[in-house]
Each structure stands twice: as structure tokens, then as C-alpha cells.
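Q: Whatever this is, show me its structure:
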Amino acid sequence: MLDELKRYEDKLKKAIFNYSRTEGYSTKGKHSTAKKFYNSSERLYEEALEILQELLHADASIQQWFDRALDLDADGDLGLTPVAMPRVVTSRSLDRQTTDSRLISKREVKIATVEWAISALLAVETIEKKN
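A: Numbers count the residues shown, from 1 in each chain. The predicted structure is shown next:
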């Protein structure tokens with residue numbers, strides 16, 4: 001699971017880097033170069049969202065690792081800009097969205113994920129006993 005999160009973070013990091021280069025070239029008047037970097041960043045954001053969709057499809061508990069709801073619908077809040085992309089809760093990014101001002105450790109997220117999985121198993125066991 002952590003390898004897949006790392007793959008998402010790496011793709012996001014490259015996309016943000018290219019997006020920043022876009023702004024730099026655009027302010028220098030090099031619009032054709034800026035457009036190339038913009039297209040590249042957009043493609044990388046889309047690839048990052050595809051990775052995120054795969055992760056979410058494979059395991060819904062992955063949601064706990066992110067700073068916002070992973071609404072991948074067309075009308076969702078996610079977008080192809082640095083501000084609109086989900087961050088891992090351990091991120092130090094200024095664009096990280098959370099109501100908690102402290103940084104959540106990886107250990108805390110792992111514990112919460114295990115607790116969530118245990119409660120899900122207990123819920124399934126309760127339903128099976130009722131049937």
C-alpha cells in the first residue's frame with residue numbers, strides 16, 4: 001500500500017514541478033515553452049488521479065491517508081492544479097487541507113487504518129451472526 005502511495009506522491013511532485021515551470025516561463029514571455037510544461041503537468045495530474053482511482057478501487061480505507069475526500073466524480077472538487085490535488089496526510093505542503101493544524105505521523109495513520117479494518121471485520125461478523 002505504501003509503495004502505491006509513494007508512486008502517487010512522485011507523480012504529483014513531478015506535476016507540481018512542471019506546473020511551476022509553466023508559471024515561470026509564462027512570466028518571462030516564453031509562452032510556447034510554458035504551454036509545453038502546462039500540457040505535461042496536466043498529463044501528470046491525470047496520471048496521478050488514475051493512480052488514486054486504482055488505489056481507492058483496490059482498498060477504500062486508503063481514504064484515511066489523504067487530506068480531503070477522494071471524490072473522483074466529474075463534478076467533484078478534485079482538479080488538475082496543485083491546490084486541487086489531494087495530499088497525503090503526512091505532507092508538509094501549504095496546499096494540504098485539514099482541520100487539524102498538526103502533522104499526522106505515518107504511525108498514527110497506520111494505527112487508524114488497522115482500527116478501521118478491525119471495526120469493518122467486526123461489523124461483517126455481526127451481520128453474519130444476524131443472518
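
Q: right, and the helix or strand after the helix or strand hosting Leu49?
A: Using DSSP states H and E, Leu49 sits within helix 31-58. Toward the C-terminus, helix 31-58 is succeeded by helix 106-130 as the next helix or strand (DSSP H and E).

Q: In that following helix, which residues are buried?
A: The neighbour-count check on helix 106-130 (16 or more other C-beta atoms under 10 Å) flags Val109, Thr113 as buried. From N, CA and C alone the C-beta is placed, and that goes for glycine too.

Q: Can you list the low-confidence ranges for the protein?
A: 1, 68-69, 71-78, 89-106, 131 (pLDDT under 70).

Q: Next, the buried residues of the helix holding Leu49.
A: Buried residues in helix 31-58, defined by neighbour count with 16+ other C-beta under 10 Å: 34, 37-38, 40-42, 44-45, 47-49, 51-52, 55.

Q: Just send the residues you listed back as a markdown table, with distance to Leu5 too.
A: Shown next, in a markdown table, are those (distance: C-beta to C-beta, whole Å):
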| residue | distance to Leu5 |
| --- | --- |
| Ala34 | 30 |
| Phe37 | 26 |
| Tyr38 | 26 |
| Ser40 | 23 |
| Ser41 | 20 |
| Glu42 | 22 |
| Leu44 | 16 |
| Tyr45 | 17 |
| Glu47 | 15 |
| Ala48 | 11 |
| Leu49 | 14 |
| Ile51 | 9 |
| Leu52 | 10 |
| Leu55 | 7 |
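
Q: nearest to Asn18, of these?
A: Distance ranking of the buried residues of helix 31-58 against Asn18, using C-beta to C-beta, places Ser41 first at 3.7 Å.

Q: Relative to Ser119, how far out is the closest one?
A: Going from Ser41 to Ser119 by C-beta to C-beta, to the nearest Å gives 39 Å.

Q: same question, Lys13
A: Applying C-beta to C-beta, the value for Lys13 to Ser119 is 33 Å.

Q: same check, this time on Leu12
A: Distance from Leu12 to Ser119, by C-beta to C-beta: 30 Å.
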